[in-house]
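>>> Quick check, what structure comes out for this input:
(chains A, B, C and D)
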2 protein chains.
Amino acid sequence: MTLPHPTADQISLPNVLAVLGDPTRLAIVRYLASKEGVPLNCSRFLDLCSKTNLSYHLAKLREAGVTRTEAVGTSRLITLRRDDLDRRFPGLLDSVIAAAGDASLPAVGGHEIELRA
Amino acid sequence: MTLPHPTADQISLPNVLAVLGDPTRLAIVRYLASKEGVPLNCSRFLDLCSKTNLSYHLAKLREAGVTRTEAVGTSRLITLRRDDLDRRFPGLLDSVIAAAGDASLPAVGGHEIELRA
DNA sequence: TCCTTAGTTCAAAGGTTATTGAACAATTGG
DNA sequence: CCAATTGTTCAATAACCTTTGAACTAAGGA
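Residues are numbered from 1 along each chain as shown, chains lettered A, B, ... in the order given. Model (predicted):
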């Protein structure tokens, strides 16, 4: 439960943009946004890349302050840090998600069980 | 006047985000936005980095479809591709610029003459 | 024509990023 | 306890990015 996250004001715009500039990570964020409020575990994203690589990308998202990762049992529950991002960069997340929604990004999920919110 | 630019629908979101994820380029875009409508020449940005490096960053911005570069004499006139970006990714540029405006980014310009719009 | 101004291209160095497989740790169920 | 599930860490690799200085091109002015 104690994974390192930046505080809201440690979140840096260039860093967030750079992190979202990767197609795999953008797909993760897009999917998180589509299931907002529902914490998802990593296995949800295994369509996108290998388990090892996913671990890497999810760490990047967490370290940039885009996602929050909570350890529960052997799982990690991933959520978007929408409140913090909206406070720091109003409208940014929404426009990114909307833009990503139009574009055809890698699809994800479907055969996994959602975890209670 | 014939520098390679992507068409509006060739502009890719991950690419734009990645390109804006560099502090120097974000500062360039921020400054272009603050002088919107006024084409600026490269020398305006020499506070940010060396001439060579600036050439590199401006090429990145152009290739990603963020800026338009027009050759006039020995100058290059740089403008934001706001219309195309707004059409492709509504609200994105504005929220990025607003967010960049709050954050303290490298300042730029001041002692150069603006070119007529 | 010669020089200056404006910017590009090139090659190289150094750094960072993405990706992989193998090995590891931790929790949970039988 | 044993095994399966979930995910991380490590070392390695290949690719890409940023930055630099030197050499270059192209236009404009004296």
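>>> contacts, neighbours, all on C-alpha from now
Will do.
>>> Kindly list the main-chain dihedrals of the closest residue to DNA strand C within chain A?
Taking C-alpha to the nearest atom of the strand, DNA strand C has its nearest neighbour within chain A at residue A:73, 3.4 Å off. Note on residue A:73: backbone dihedrals following degrees, to the nearest 10 are phi 60, psi -130.
>>> again with residue A:40
phi -110, psi 150.
>>> Next secondary structure after the top helix by length along chain A?
In chain A, taking DSSP state H as the definition, the longest helix is helix A:51-64. Reading on from helix A:51-64 to the C-terminus, the next helix or strand found by DSSP states H and E is strand A:67-72.
>>> In contact with the residue of chain A closest to DNA strand C: list those residues for me.
Contacts for residue A:73 (C-alpha atoms under 8 Å, 6 or more residues apart in numbering or on different chains) come out as none.
>>> do the same with residue A:14
B:20-23, B:26.
>>> re the thing from before, model confidence score at the residue of chain A closest to DNA strand C, please.
Looking at residue A:73, its pLDDT is 91.
>>> That one and DNA strand D, how far apart?
The gap separating residue A:73 from DNA strand D is 8 Å, by C-alpha to the nearest atom of the strand, to the nearest Å.
>>> count of neighbours near the closest residue to residue A:24 other than its chain neighbours?
Distances taken as C-alpha to C-alpha, 6 or more residues apart in numbering or on different chains place residue A:48 nearest to residue A:24, at 6.5 Å, with adjacent residues excluded. Neighbour count of residue A:48, defined by other C-alpha atoms under 10 Å in any protein chain shown: 18.
>>> Get me the contact residues on chain A for DNA strand C.
Neighbours of DNA strand C within chain A, by C-alpha under 7 Å from any atom of the strand: A:19, A:22, A:24, A:49-50, A:52-53, A:56-57, A:60, A:72-74.
>>> Which residue, neighbours along the chain excluded, lies closest to residue A:80?
Closest to residue A:80 by C-alpha to C-alpha, 6+ apart is residue A:67, at 4.4 Å.
>>> and stretch A:26-36, does that touch chain B?
Yes - using C-alpha under 8 Å from any C-alpha of the partner chain, we find that stretch A:26-36 touches chain B at residue A:26.
>>> residues of that stretch that come out buried?
A:26-33 (16 or more other C-alpha atoms under 10 Å in any protein chain shown).
>>> Mind putting these into TSV with pLDDT and secondary structure?
Formatted as TSV, the buried residues of stretch A:26-36 follow (pLDDT from 0 to 100; DSSP: H, G, I helix; E, B strand; the rest coil):
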residue	pLDDT	secondary structure
A:26	97	helix
A:27	96	helix
A:28	97	helix
A:29	97	helix
A:30	96	helix
A:31	95	helix
A:32	96	helix
A:33	95	helix
